[in-house]
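Asker: Below are the sequence and a predicted model; questions follow.
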Amino acid sequence: MHAQPWKTADRDSEMAPMTRGAIGAALSLLLAAAAWAADGRTALTPGWNMFSPQQDIEVGQQVSMDAERQLPMLENARVDDYVNALGRRLAAKAPGEKYPYRFKVVNDRAINAFALPGGPIYINRGVIDAADSESQLAGVIAHETAHVALRHGTNQASKASAAQVPLAILGGILGSTSTTAMLAQLGGSFAVNSVLLKYSRTAETQADVMGTQILYDSGFDPRAMGQFFEKIEEQQKGSGPVEFFSNHPSPDNRIERVNQEVSALGGSRGARTSAREFGDIKRYLQSLAGPPATDRRRAGDDRGQPAAGTAPDRPSGRFVSVNNALLRISHPDNWQAHGQGDAMTIAPRGGLIADGQGHQALAWGVIVNIFEPRATSYAQRLQGAGYEQGSRQDSAAVGRLEHSTDQLVQELRLSNRGMRVIRYGEAIGVDGDSALSTYLSNDSPGGGRETDWLVTLERPDGLLFFVFTAPERDFQRYEGAFHEMLRSVRIKR
Ligand SMILES: [Zn+2]
């Protein structure tokens, strides 16, 4: 992450990037609304997408080849056959397009699972270990199956792409039939933080609801998925972050929403209990060797490229606080705060890397700063993009925050050419104020890719922003510390 001091007041706005406000307006017209179907269940259909279902399949196939090269696949026929049979039984009940679903087990003890567009689904052995019953394992598989059926990967990619590509170019992409060209546009290769796998909370709720329906229709206890998520969330409180929630962020009221759907379906009826086969597989799995201890390849490694610099020590669990003119924030006590005025960089030793041009670039750590957006009014820009003000339901304040964040992202991209949006602004809170959370992918100064978590909020003197940065393959390990830091923020008012 390069974040040289910048001036923006006099910069031309020649690029006229499409504002998120405009996109929001476009998408709200195109997104299919959820409705109540006749039998009481929530009807869900895939949202706006610039890919065709056939292209979902092609994208998924290409990316799965990458994924299987990078991930420590279990490659055990007995376990794969069992999970694949279970998965197919569930996928048979997935509504919509009939994708070629297939299921494989990854030799990784972390609790995680993910789905690629058009059918490939991967379950870590850690999920089977953590599940108390076959229904709970089925719950995770049903949730992933729903992501495929609802086309969340390419929907997310479409939105991210529309958000950063001017309309004219977007038109060209929409007209293109080359999946390879589309993949190149999206950043191509598989990574665990890639745009295809980072879901929004809305997508999570949809996958929960449809996953519950799939469980019910396949004869499993429909409460099992919610129960499993509840269980691993509980576990997270004790033993630290569970990987699953990094790509599948917990929506608010998750369990209540699932229970509501269970009631709409008619409750949990006499569900199947084929505990024996599940128990056998679980015991058999425990007898199998763990993942290779050395060079444990992780999702997100860049095709065997060398590590980005030497990784600093892990963030300490003890936090100390630091003040500047704007705020107070706590950070791990083995990190150091540098900076002057409004700008602050907090990084572990080794977190800053010389970029060869006399600048230091941040590879691990946090940047805090103020950005002064251009004075153009939000209303003018909406009209310029061809949208009437008021076509958006969100308040003007939210529009302003999104608009300023758009400008900041454009600004950051000027000094970070490889930067792309992974997940667009979601509303969060920082010290009681509304803020926007955006995920970016960028070239890491030490090689490979990095993930940048950008958090923005409005202050009287400009847009206050935080950029939490770590190489892609390390990001999940730093995420807990980043969240802790953000929670600690107290703004001086
Ligand atoms: Zn999910």
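Answerer: Structure's in. What do you need? Numbers count the residues shown, from 1 in each chain.

Asker: how about whatever residue of the chain ends up closest to the ion, what does it touch?
Answerer: Here the chain gets closest to the ion at one residue, His248, 3.3 Å apart by Cβ to the ion. In this view, the C-beta of every residue, glycine as well, is placed from N, C-alpha and C. Applying Cβ atoms under 8 Å, 6 or more residues apart in numbering, we find His248 in contact with 143, 199, 204, 207.

Asker: 7 Å instead?
Answerer: Residues in contact with His248 (Cβ atoms under 7 Å, 6 or more residues apart in numbering) are 199, 204.

Asker: Could you chop this structure up by domain?
Answerer: Per automatic domain parsing, the structural domains of the chain span 31-287, 306-491.

Asker: so Asn84 sits in a strand?
Answerer: No. Counting by DSSP: H, G, I helix; E, B strand; the rest coil, one finds Asn84 to be helix, located in no strand.

Asker: If you tally nearby residues, what's the number for it?
Answerer: 18 (other Cβ atoms under 10 Å).

Asker: Pull the contacting residues for it.
Answerer: With Cβ under 7 Å, 6+ apart, Asn84 has these contacts: 102-103.

Asker: how about a cut-off of 8 Å?
Answerer: Neighbour list for Asn84: 102-104 [criterion: Cβ under 8 Å, 6+ apart].

Asker: and if you look at Gly139?
Answerer: Gly139 is in contact with 211, 215, 220, 224-229, counting by Cβ under 8 Å, 6+ apart.

Asker: same check, this time on Thr469
Answerer: Neighbour list for Thr469: 1, 362-367, 450-453 [criterion: Cβ under 8 Å, 6+ apart].

Asker: how far away is the residue nearest to it when sequence neighbours are not counted from Thr202?
Answerer: Leaving aside its chain neighbours, Thr469 sits nearest to Met1 (4.5 Å; criterion: Cβ to Cβ, 6 or more residues apart in numbering). Separation of Met1 from Thr202 (Cβ to Cβ, to the nearest Å) stands at 28 Å.

Asker: Settle it for me: which of those two has more neighbours?
Answerer: Met1 (26 against 13).

Asker: near the ion, which residues of the stretch 101-250 of the chain?
Answerer: Residues of the stretch 101-250 of the chain found near the ion (Cβ under 5 Å from the ion) are 204, 207, 248.

Asker: Can you show me the strands along the stretch 351-493 of the chain?
Answerer: Using DSSP state E, counting those that start in this stretch, the strands assigned to the stretch 351-493 of the chain run over residues 352-354, 360-362, 365-371, 420-430, 433-443, 449-459, 462-471, 490-491.

Asker: Most neighbours out of the contacts of Asn84, which is it?
Answerer: For those, neighbours were counted using other Cβ under 10 Å, and Phe103 has the most, 25 neighbours in all.

Asker: dump the residue contacts of it.
Answerer: 80, 83-84, 86-88, 121-123, 141.

Asker: Narrow these to those that are buried.
Answerer: Among these, the ones that count as buried by 16 or more other Cβ atoms under 10 Å are 80, 83-84, 86-87, 121-123, 141.

Asker: Now the residue of the chain closest to the ion: phi and psi?
Answerer: phi -120, psi 80 (degrees, to the nearest 10).

Asker: Over to the one 5 residues further on?
Answerer: Backbone dihedrals for Asn253, given as degrees, to the nearest 10, come out at phi 50, psi 40.

Asker: one step back: export the strands of the stretch 351-493 of the chain to JSON lines and tack on mean pLDDT?
Answerer: Formatted as JSON lines, those follow (pLDDT from 0 to 100):
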{"stretch": "strand 352-354", "mean pLDDT": "77"}
{"stretch": "strand 360-362", "mean pLDDT": "77"}
{"stretch": "strand 365-371", "mean pLDDT": "87"}
{"stretch": "strand 420-430", "mean pLDDT": "87"}
{"stretch": "strand 433-443", "mean pLDDT": "91"}
{"stretch": "strand 449-459", "mean pLDDT": "92"}
{"stretch": "strand 462-471", "mean pLDDT": "92"}
{"stretch": "strand 490-491", "mean pLDDT": "94"}
